[in-house]
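Using only what follows, build the 3D model:
(chains A and B)
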Amino acid sequence: MLSAEHLPALQVVVPLAAAPLIVLLRRPGAAWAIAAAAAAFAFACAVMLAWRVAAEGAISYELGSWAPPWGIEYRVDALSSFVLVLVASIGAVAALYARRSIAAELHVDQHYLFYTMFVLCLAGLLGMTITGDAFNLFVFMEISSLSMYVLIALGSHRRALLAGFQYLILGTIGATCFVIGVGLLYLSTGTLNIADLALRVQEVQDLRPVLAALAFLTVGISLKAALFPLHLWLPNAYTYAPSVVSAFLAATATKVSIYVLVRFYFTVFGEQLVLEALPMSEVLIGLSVLAIVTASLVAVFQEDLKRMFAYSSVAQIGYITLGVGLANTSGLTAAMVHLFNHGITKGAIFLLLGGLALRAGRTGFDCAAGIARSMPLTAFGMVIAGLSLIGVPGTAGFISKWYLVLGAIEQGQWWLAALVVVTSLIAVAYVWRLVEAAYLTEPAAATPQAGEAPLSLLVPAWVLVAACVYFGFETSFNVGGARAAAEMLLGGGP
Amino acid sequence: MSGAQLIAASLLVPTLGALGISLAGRWPNLRESVTLLSAVLLFACTTSLAPAVLAGGVPQLFVLEMLPGIALGFRVEPLGMLFALVASGLWIVNSVYSIGYMRGNDEPHQTRFYVCFALALAATMGIAFSANLLTLFLFYEALTLVTWPLVAHHGDDEARAGGRTYLGYLLGSSIVFLLPAVIATWAIAGTLEFTPGGLLGGASSVTLGLLLALYMFGIGKAALMPVHRWLPAAMVAPTPVSALLHAVAVVKAGVFAVVKVIVYVFGTGTLAATTASDWLPAVASFTVIAASVIALRSDNLKRRLAYSTVSQLSYVVLAAAILAPLSVIGAALHIAAHAVGKITLFFAAGAIYTAAGKTEVSQLDGIGRRMPWTMGAFAVGVLSMIGLPPAAGFVSKWYMLAGALQAAHWTAVSVIVASTLLNAAYFVPIVYRAFLRAPQGKAHGEAPLPMVLALVASALATLALFFFPQVPLALARALQGG
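Next up is the predicted model:
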């Protein structure tokens, strides 16, 4: 039994080491077993870390026993442990789901490739979250991104290749901007350790390179986070990727990028630089508003369900960054809580859509006509997750909305509070379009008649659907974790 | 059972009932037995709670902390008790009626219908017993969502359009106005618990006025104009839905929430000390009169009843907004009085549709001679709507008028008098037509027996509330005292 002190390293190393193992073994069954075991381990690890952080405070782990700031530090605090739990839990659910879904969607020769890329991507995302080193963060960002391009391109539709390529180009531009930003910071401060950066940035006399770094980092991360108007890669990527990849991507990848944004803004640069030297709050709020309004409206008119919920994701990311832009405790709590809540909600929806894709062969809107009769559990799950998307009380989405509106009211920004509630009506429009199709429309030619999705897909999906309801009532983990993170960020220092 | 257990049972009985109904879906007789059993059990729960509340007790149930400092919790105060008694009691009658109606008209999706109905009652109990604004809001939204399948029941274009209007108005108003109002209350007062005397003592007149507007138009179920259009739209639903939900549970949840907010969130004293609520009687008065005028011009019977409901709901809002002790008693009583009267009228409308296939007022010549029980009950309902003895509506109208006089609120007095005339003008001709004109078309008899039994029972209840108003009156008075 390995001692508990190495948990931070194991969190990343285990899924990373699983990748070559899968390539060596190659057999689909073995590949799945290893990937699932690695994901399950990562989940257990994240939960234990979160538990320890809540009990004992932040954990600092020196990789290879090199003391920071020279060595690489892994740092688990209120914020990163919260994001780790989200990423690892979605990873575990997705791994469980992948077996049946991948068997149906991918050629058998590609299975081991898929699982290799999946564990690499998981390791990359977990590494981005846990590391306390800016350059190491870039490395993990590349690991997750490169594996993600492959995962998307594995989609069975021919346009998946194009979608993967599109994301490759934009993602590379984003990563380049990010590394330029990190480089500029290194030039100004001579350090790459995030905690150390936070101290030294405040002492820098010439602010120009620091502000340039801030700008580069913002653009780079925004591309990866699909912040409007840098979201153009997202709808295609979500639409054409294999079902389980869409779910995993939607629930984790953009969320981790937002985590990185928040980490740099509030831990490294600090409120003074971000909010006073540059008008980042206004910029973020403005872009978020545009994202929410335009992407929600576009979602209403989509003819493919995956694409519709992809645009909804762009809008929901806008809600998260709106909370970041408010920059008060309630706003940041809203951002973090929504990061988590939207993760499980969208994860649930895309997993359910995977069931539909399995039965109908695609996810066109016409496939949903009358599915309440042939696929009652899939349809009802989508209703619940849809309600969470709208923010109906009793679902996780309501908790996010509560804090977002509260944050806006506390800032005296009544118009933003009004905007948040009014735009959730647009979510009602696109969700109810689906509900009407599923429950009130007679089955059409495109409606799948093969019956309910198999249990191997339904169970993981319903775990997330149940989570949408659970975290709408029992909020001590999501609100408690988000609040602790927000208070830590605004309290200054890591 | 203790108070907390009874509250839990009131919520669980209809919820588990819904589960049982869906499991028994294949066997209609078993399924309907589950509905009836749930209804009887629920009424037993609420009546068992009543003695403690009448004795001045406050049964409570804390479930969990939903947000830091805000509980999901229940507390039974007199007004909620009254509302719960009315809704659960009428559910029994309405279930008997539903069986006759749904089978008589060979309606589709009957299992879904009964499931949603039971869930709607669970949500109604949650609203009635809610201890704070968040719990109220939770069940308020739940009630909207579980009644949507009932409104859009037929699934055709008309039902879809009605369902969209219904959902759009109710969900829209509650998300856009009510939710920010609740959150702002939390930001200002730091608590959302319903407290006698109110929570907003320190707020300025302008803030109070704005918040009150958000609440009054946010509680769309109270159908204050211009947020009333959903109610006539909901009439596409099968008549039992219009009867219990859109004359009792849903709309009463609206005015109940209005009275709760005025009494326990703002506090009548706080509002009376400022000018924040001065506009509310005017809007309510306008709704009373305008809706009556529309009802007068509607030939469709259910539409006429719907607009009559809009008008009657604003009586409650008006009475509460006058802020006088007697008028608040009148408001509480009217929740019960209008419920029994209006459900009778809807029962009759559904019976006419089932037996004769008629939906328009102009088709009703002589129908009283063919359906004497139905139209007799209808006449009792009409008396109650107008506010004449010996029907329940007289008692509540008496208190409302007394309150208006007590507060020397002459506009309210004249509105109540004028609307009484209007009520008579659009209801009495129906009774006249039914009994004094010659019947036309092919002959038919009464509707199926369960329906007739139900409508006679509710008509008797309307009379009973006039002769024995002790329990509702005691609860309404306790609301003032507490």
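
In the stretch 301-450 of chain B, what residue comes closest to chain A?
Chain A sits closest to B:Lys302 of the stretch 301-450 of chain B, with a gap of 21.2 Å, by CB to the nearest CB. The C-beta positions use only the backbone N, C-alpha and C, and glycine is treated the same way.

Distance-wise, check that residue relative to B:Ala247.
Separation of B:Lys302 from B:Ala247 (CB to CB, to the nearest Å): 10 Å.

how much space between the residue of the stretch 301-450 of chain B closest to chain A and B:Phe266?
On the measure of CB to CB, B:Lys302 and B:Phe266 end up 35 Å apart.

Mind listing residues that contact the helix or strand where A:Gly481 lies?
Here A:Gly481, judged by DSSP states H and E, is contained in helix A:478-490. Contact partners of helix A:478-490, identified using CB atoms under 8 Å, 6 or more residues apart in numbering or on different chains, comprise A:50, A:54, A:77-79, A:81-82, A:85, A:262, A:266-267, A:271, A:327-329, A:332-337, A:339-341, A:396, A:399, A:403, A:471, A:494, B:67-68.

shared neighbours of B:Lys302 and B:Ala247, anything?
The contact lists of B:Lys302 and B:Ala247 share B:Phe346, where a contact means CB under 8 Å, 6+ apart.

Look at the two and report which has more neighbours.
A count of neighbours by other CB atoms under 10 Å in any protein chain shown puts B:Ala247 above the other of B:Lys302 and B:Ala247, at 30 against 24.

For that one, give me its contacts.
Shown in contact with B:Ala247 (CB under 8 Å, 6+ apart): B:305, B:309, B:338-339, B:342-343, B:345-346.

Filter the residues you listed down to the ones in helices?
Within the contacts of B:Ala247, residues falling in helices by DSSP state H are B:305, B:309, B:338-339, B:342-343, B:345-346.

Low-confidence regions, chain A specifically.
Chain A contains residues with pLDDT under 70 at A:1-3, A:492-494.

no wait, chain B
Scanning chain B residue by residue, the ranges that satisfy pLDDT under 70 are B:480-482.

just how off-centre is the longest strand anywhere in it within its chain?
The longest strand of chain B (DSSP state E) is strand B:60-67. Distance of strand B:60-67 from the chain centroid (CA atoms, centre = their mean, to the nearest Å) equals 26 Å.

That strand near chain A at all?
Yes. Contact of strand B:60-67 with chain A (CB under 8 Å from any CB of the partner chain) involves B:64-67.

which residues of the chain fall in strands?
I went with chain A, as the question did not name one. A:59-62, A:73-76.

think we crossed wires, I meant chain B
B:60-67, B:70-75.

so B:Ile343 sits right up against B:Leu244, yeah?
Yes. Counting by CB atoms under 8 Å, B:Leu244 is a contact partner of B:Ile343 at 6.5 Å.

Pull up the overlap in contacts between the two.
Shared contacts of B:Ile343 and B:Leu244 (CB under 8 Å, 6+ apart): B:90, B:94.

From chain B, how far out is A:Ile317?
Remark: distance between A:Ile317 and chain B (CB to the nearest CB, to the nearest Å) = 21 Å.

since we're on that residue, how many residues are nearby?
29.

And the one 10 residues further on, by the same measure?
Residues lying near A:Ala327 (other CB under 10 Å) number 23.

now B:His109
17.

thinking again about what came up before, nearest spatial neighbour of the residue of the stretch 301-450 of chain B closest to chain A, skipping sequence neighbours?
Of all residues not flanking B:Lys302 in the chain, B:Met235 sits nearest, at 4.5 Å (CB to CB, 6 or more residues apart in numbering or on different chains).

tell me the contacts of the one you found?
If you count contacts by CB under 8 Å, 6+ apart, then B:Met235 has B:162, B:242, B:246, B:300, B:302-303, B:306 around it.

How about the residues of the stretch 51-200 of chain B by chain A?
B:64-68, B:72, B:134, B:137-138, B:141-142, B:145, B:149, B:152, B:155, B:159-160, B:163-164, B:167-168, B:171-172, B:175-176, B:179-180, B:183-184, B:186-187.
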